[in-house]
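Asker: give me coordinates for this.
(4 chains)
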4 protein chains.
Amino acid sequence: MEKKILLTDCPDAKGLIAKITNICYKHQLNVTKNDEFVDRAQGRFFMRTALEGNFNDTTLLEDLDLALPEGAERKLVPSGRKRVVLMVTKEAHCLGDILMKCYSGALDVEIAAVIGNHNNLQPLVEKFDIPFHWVPADNLERAQHEEQVIELVDRYAPDYLILAKYMRVLNPEFVAHYQKRIINIHHSFLPAFIGAKPYQQAFERGVKIIGATAHFVTDDLDEGPIIEQDVIHVDHGYSAEAMSSAGRDVEKQVLSRALQLVLEERVFIHGNRTVVFK
Amino acid sequence: MEKKILLTDCPDAKGLIAKITNICYKHQLNVTKNDEFVDRAQGRFFMRTALEGNFNDTTLLEDLDLALPEGAERKLVPSGRKRVVLMVTKEAHCLGDILMKCYSGALDVEIAAVIGNHNNLQPLVEKFDIPFHWVPADNLERAQHEEQVIELVDRYAPDYLILAKYMRVLNPEFVAHYQKRIINIHHSFLPAFIGAKPYQQAFERGVKIIGATAHFVTDDLDEGPIIEQDVIHVDHGYSAEAMSSAGRDVEKQVLSRALQLVLEERVFIHGNRTVVFK
Amino acid sequence: MEKKILLTDCPDAKGLIAKITNICYKHQLNVTKNDEFVDRAQGRFFMRTALEGNFNDTTLLEDLDLALPEGAERKLVPSGRKRVVLMVTKEAHCLGDILMKCYSGALDVEIAAVIGNHNNLQPLVEKFDIPFHWVPADNLERAQHEEQVIELVDRYAPDYLILAKYMRVLNPEFVAHYQKRIINIHHSFLPAFIGAKPYQQAFERGVKIIGATAHFVTDDLDEGPIIEQDVIHVDHGYSAEAMSSAGRDVEKQVLSRALQLVLEERVFIHGNRTVVFK
Amino acid sequence: MEKKILLTDCPDAKGLIAKITNICYKHQLNVTKNDEFVDRAQGRFFMRTALEGNFNDTTLLEDLDLALPEGAERKLVPSGRKRVVLMVTKEAHCLGDILMKCYSGALDVEIAAVIGNHNNLQPLVEKFDIPFHWVPADNLERAQHEEQVIELVDRYAPDYLILAKYMRVLNPEFVAHYQKRIINIHHSFLPAFIGAKPYQQAFERGVKIIGATAHFVTDDLDEGPIIEQDVIHVDHGYSAEAMSSAGRDVEKQVLSRALQLVLEERVFIHGNRTVVFK
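Answerer: Numbering: from 1, shown residues only, chains lettered A, B, ... in the order given. Below you'll find the predicted structure:
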């Protein structure tokens, strides 16, 4: 018996749940978990249906296409391990957390490779028998550097590209190449402290809470649909450096959680927002 | 156009979501929100369906009864304000919070009356033009006292009875009279610190977190299905009294949240546990 | 035996704790709680000393003045109930929470009066036998309106002025009149969503967390030293209105906590930041 | 210039802060952070003083001994990296988290060795070039097994022994050998769910929150002074296994935080409770 996840994203209409679950029922598939959401303002329907049984993908999708309204997107995803490539610069905390969660089985994903514009994290990555590629950016145009990165990433054909504290801005061409497949951790509680040195900014503003944001990457730096956010309480006793250190703890937790949500096919992109079925 | 909530609780079977939503569709009812849960170990299916449209309750329920497996319970509840009676002893915090939330519109409920075994909270209740009944327990057998309370409560025919820090143990007869309709706030993080003086117990044990539990009342004191729990961090600087004071803050929040969940028909009782669709 | 709190805020120097606590010791005062913080970057020392004993304020302060470095500020505050005036517009949640906490004894403060630019909250305030003054702003220049407010507030000589969802911008003259004594609740997690309709902004950005900020008011709208912040998790299911409603819950908690910290003399203003001894 | 931490734990008396900070001042030591707490019910004083300067330990301690009341304990601890030995059974999550935090610099500690009663974690430990010792317990009396462990541990002379999910009960002799130096992570929110299979217990009770507790080990299993606790929200959708998995996340966070507090000399043991200066 197989397990698959059916993702439906379409204009809202009456009876959609009935239609979709009916088709599953006729295909003798068991719905083990169903989540749906209707954005009534925009008239859009989202449903995630976890199914069990013997699948005939072609006829199932054909039946759905007949039943769903025009403009529907639907996807039948085999549950099972996905493949990612991580991109890093110098900081170990997010990378280390993902490596360890993957090793201990807490995160079910294949890390195909890690690419860094610096090489100080190579020894850590190689401890886990994962290839590390150093692609230095020195003396290169951004576009040239990204071409080298793309060439490498594409070799591994990953489902997602995870920016685990990759500290370089990406060209629109790069982002377009992996549309809706790049996940970033932003070292602040977006939309507060956009831009550089958010912890220094937070320190100067005297905030009592700092946070982190995991989001899909779009052209607009620091924008893109938010997947997950969390915060940590700080006080006057935290220097900018201590805030940064506390921030690293939230960053890695938020990125890990976002990654897990995405890997489990729980996240729909909906304009510049997300629908996340937890 | 009316709004109602359909609650289904039945043995699990294939195609239940399809069957139920189909029937709703045939009745031209729009599903505005659907939540379901299957307890696979026990083979039990729970679904909460928020509906909009023109209802013919009788035929809708008949159609459901034909479609649902034997042993099914289903209920069609008009959305709209419910009525509660509160029971109190001497402490104002939970009572005050509910009164104020009700006044400001944050909680949509009719408080039909408040009954106290002491009368110090009478002035507070009467500020809000709500009847307060003082039923002193002095020199009475527990059963005698409870008879007086029941006689009063039943006059108001409440949907739920809320023990807002009512500090007397209830006889099984009383509990049976309002089966699955009594909600209590337990002044601890159940099952820790069962029984009297939980904050003193917590202080002596040197815990770093204290909590509160809202639950349905069953015969077994401090047992009963848990609806909601939350905690607050404390440290060595908290005396037993300071813990108690911090505890009052969690108690009122947890009770209010549990009450809201119950009023919105989001809570199924499932043996000694609950299924809560948030 | 009296209780007072000594607040010291001065340039850092060696031996300050020793000097100050020595003087207290010589005065036969018992230190029941001492907190200090040194901002090493700016060379500033902050200390809050809770004292018990028989006080000779004049000689104690003289002794301190001899011992402390130039530029020191020190204050000896009798512990005991402070007096506040609340300012409101139309929303009941923050006001109601403070009124109820005050009534139940959870917050130890005298609410001398409530002033509103609308009058819909008058009945609520009067339930608690507190004077409510309606000062409509219609057809008045901001300065004229504020003069009327100041005239009223000053009659009550409050220690602090609490803006409990007072939705009008204040002139610099008004702020200057109550320097470091006006506390505001900002309906967002500053510095995110500055300005109007923060919940609408938050909704549109698709955030997963919303928050509130209590701060002292300075000329710069939405700036001013932050006293307390907190957040609440939301998801795609929250409309802008639902976010606003969840936000009200955080707002009232954050304002209450900030108020309590200020009333207990736990907050130092330090440039545009605060030092808060919890 | 050196940094040391002075820890004072003595019967309460007037002027203690003054006396201690005076002595530091006379020794020309700068107090960079001072925390104190008085347990007034028990008349006990605790102070942690972070000092900077040129230390003459002998005369400093002599001066303190003259000034402090009878029954005082005081300790001058060089700040700097401590050494620990970890003990594990089969689960990787706590061990992995500590190894990675240590590697990335988030936790400043020397892991001298890891001892396991199983050997499945050996490859993970050796990735980090740390010795792993397998001490199987099969066919051994508990006392015999523990003798072998003690013999090994003592070779490394660790400051603390960390039970990172070591699932065997310890004899009183073992505990006495490392008095106040063994830290355990208990896989529940003590005192709830004492004993075996806490997540199964939590599942059956239908709780909405699960937690973890880090504590010093005493003879009494599941007792011992609590250092740190935290919780995670769960719901009806969590199986016992899912609760266990969520629990592992809290366990590792709580153990890491407790370890850091202990390493930074922030924890006093006070009877069966702790005083923790955060």
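Asker: helix/strand/coil for the closest residue to A:Ile130 other than its chain neighbours?
Answerer: Residue nearest to A:Ile130 in three dimensions, not counting chain neighbours: A:Ile111, with 5.3 Å by C-beta to C-beta, 6 or more residues apart in numbering or on different chains. Using the backbone N, CA and C atoms, a C-beta is placed for each residue, glycine as well. Secondary structure, DSSP: H, G, I helix; E, B strand; the rest coil: A:Ile111 is strand.
Asker: in the sheet, who's paired with A:Ile111?
Answerer: Note on A:Ile111: beta-bridge partners by DSSP bridges are A:Val84.
Asker: then A:Glu73?
Answerer: A:Glu73 has these beta-bridge partners by DSSP bridges: A:Asp9.
Asker: in this structure the residue nearest to A:Ile130 contacts A:Phe132, no?
Answerer: No - the criterion here is C-beta atoms under 8 Å, and A:Ile111 misses it with A:Phe132 at 10.5 Å.
Asker: and those two? Which one has more around it.
Answerer: The neighbour count for A:Ile111 versus A:Phe132, taken as other C-beta atoms under 10 Å in any protein chain shown, is higher for A:Ile111 (22 against 18).
Asker: gap between that one and A:Ser244?
Answerer: Distance from A:Ile111 to A:Ser244, counting by C-beta to C-beta, to the nearest Å: 26 Å.
Asker: try A:Pro123
Answerer: Distance, A:Pro123 to A:Ser244, by C-beta to C-beta: 23 Å.
Asker: low-confidence stretches in the stretch 151-278 of chain A?
Answerer: A:221 (pLDDT under 70).
Asker: tell me which parts of it are close to chain C?
Answerer: Selection of the stretch 151-278 of chain A residues close to chain C by C-beta under 8 Å from any C-beta of the partner chain yields A:189-193, A:204-209, A:211, A:225-231, A:235-237, A:239, A:270, A:272-276, A:278.
Asker: please name the bridge partners of the residue of the stretch 101-250 of chain A found nearest chain B.
Answerer: Proximity to chain B, evaluated over the stretch 101-250 of chain A using C-beta to the nearest C-beta, is greatest for A:His233 at 9.7 Å. Listed beta-bridge partners, A:His233: A:Ile209 (assigned using DSSP bridges).
Asker: tally of neighbours for the residue in the stretch 1-150 of chain A positioned nearest to chain C?
Answerer: With C-beta to the nearest C-beta, the shortest gap between the stretch 1-150 of chain A and chain C falls at A:Phe37, namely 6.2 Å. Counted by other C-beta under 10 Å, the residues lying close to A:Phe37 total 20.
Asker: kindly state the beta-bridge partners for it.
Answerer: Beta-bridge pairing for A:Phe37 (DSSP bridges): A:Phe46.
Asker: how many neighbours does the residue of the stretch 101-250 of chain A closest to chain B have?
Answerer: Look at A:His233: counted by other C-beta under 10 Å, it has 15 neighbours.
Asker: also A:Val275?
Answerer: 24.
Asker: where does it fall, secondary structure wise?
Answerer: If you go by DSSP states H and E, A:Val275 is part of strand A:273-276.
Asker: and that strand, what does it pack against?
Answerer: Judged by 3 or more C-beta pairs under 8 Å, 6 or more residues apart in numbering or on different chains; DSSP states H and E, strand A:273-276 is in contact with strand A:226-233, strand A:267-270.
Asker: stretch A:19-34: end-to-end distance?
Answerer: Separation of the first and last residues of stretch A:19-34 by C-alpha to C-alpha, to the nearest Å is 14 Å.
Asker: what about it, near chain C?
Answerer: No - figure legend: stretch A:19-34 not in contact with chain C (C-beta under 8 Å from any C-beta); closest approach 15.3 Å.
Asker: A:Asp108 contacts A:Leu263, correct?
Answerer: Yes - counting by C-beta under 8 Å, A:Asp108 touches A:Leu263, with 6.9 Å between them.
Asker: compare these two and say which is more crowded by neighbours.
Answerer: Between A:Asp108 and A:Leu263, counting by other C-beta under 10 Å, A:Leu263 is the more crowded of the two (18 against 14).
Asker: wait, doesn't that one sit right on A:Ile111?
Answerer: No - using C-beta under 8 Å, A:Leu263 makes no contact with A:Ile111, being 11.7 Å away.
Asker: picking that back up, and the residue of the stretch 1-150 of chain A closest to chain C, what pLDDT?
Answerer: Predicted confidence (pLDDT) for A:Phe37: 96.
Asker: you'd agree it is up against A:Phe46?
Answerer: Yes - judged on C-beta under 8 Å, A:Phe37 makes contact with A:Phe46 at a distance of 4.8 Å.
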